[in-house]
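Chemist: I would like the atomic coordinates for the input below:
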Amino acid sequence: MKKLLLLLAGLTVLAPLFPSPALSATPPDVFKDSDGNVFIHGTTATALGSSSRYSTSEDLVRTVRAGYCGEVRLSTSTTLPSIGDTWRVGTGASKLRSSLVSITTTADLPRCRGNAFTPALSAAISAAGGYIDNTTAVPRVYLTGNSPGVSYSVTFSDVDTSVALRPNQCNFFRLSNTTSNPLPASLTIGSTGYTVASLTTAAPPLCQRQDNGSYLRYIPTTW
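Modeler: Next up is the predicted model:
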């Protein structure tokens, strides 16, 4: 019996961490620590699996290089399933999909040849600041009037930023909050939205590599 008690005592030594705010139970599946880092564990972490994404309350910004005629092309892809309906190139004014000229006939599409559009941009396209190629199953947006060959930061005003989300070796997730790269005010994890300021504050688990190469999860005593 003494040997068994000693063994159990040795196991509990692994779990305690530094002192932390007292909780009556294990924190929710999504919580934050005192530094604002967000942690995901429990069934939510299991449901996310080994590879997922979370979206934020911040507008998506991507760098796009203008073509030889100053056109910035926006289109959907496997990594960008939606481009939304409002865009801003650099520090310019926002442009709305509804304001752009829709082109449905291939012959009417402007082509950039020799640093000039053929046919030339119509007054309507120039005034709107772009056009939509609706001759294909997936429309493509062209925002005109930019400097040829220049890379611009394009803001997709109604598309939230999404970030890759992968678990650590102990199968929980940690979203870092730093001075240079703070977490946004709200997050969408899975299909659930969270306000970071409203999350439960608790001491976090740790994941440490052992001498044999395995990883061990340390749980705070307040859980």
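
Chemist: what residues does the helix or strand hosting residue 207 touch?
Modeler: Assessed by DSSP states H and E, residue 207 sits inside strand 206-209. For strand 206-209, the external contacting residues (CB atoms under 8 Å, 6 or more residues apart in numbering) are 17, 168, 169, 170, 172, 215, 216, 217, 218. Backbone N, C-alpha and C define where each C-beta goes, glycine included.

Chemist: at 6 Å instead, please
Modeler: Strand 206-209 is contacted by residues 168, 169, 170, 215, 216, 217, 218 when judged by CB atoms under 6 Å, 6 or more residues apart in numbering.

Chemist: again, but for stretch 32-52
Modeler: With CB under 6 Å, 6+ apart, stretch 32-52 has contacts from 29-31, 165-166, 172-177, 199, 201, 204.

Chemist: the strand holding residue 207: partners in the sheet, and parallel or antiparallel?
Modeler: Under the criterion DSSP bridges, strand 206-209 sits next to strand 215-218 (antiparallel) in its sheet.

Chemist: what mean pLDDT does the strand it pairs with get?
Modeler: Per-residue pLDDT over strand 215-218 has a mean of 95.

Chemist: pLDDT score assigned to the spatially closest residue to residue 119 that is not a sequence neighbour?
Modeler: Distances taken as CB to CB, 6 or more residues apart in numbering put residue 110 closest to residue 119, at 6.1 Å, once the chain neighbours are dropped. Listed pLDDT for residue 110 reads 95.

Chemist: ok, back up a step: need the contacts of strand 206-209 in JSON lines with neighbour count and distance to residue 182, can you?
Modeler: As requested, the contacts of strand 206-209 are arranged in JSON lines below (neighbours: other CB atoms under 10 Å; distance: CB to CB, whole Å):
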{"residue": "168", "neighbour count": "13", "distance to residue 182": "21"}
{"residue": "169", "neighbour count": "12", "distance to residue 182": "26"}
{"residue": "170", "neighbour count": "17", "distance to residue 182": "25"}
{"residue": "215", "neighbour count": "12", "distance to residue 182": "28"}
{"residue": "216", "neighbour count": "12", "distance to residue 182": "30"}
{"residue": "217", "neighbour count": "16", "distance to residue 182": "26"}
{"residue": "218", "neighbour count": "14", "distance to residue 182": "26"}
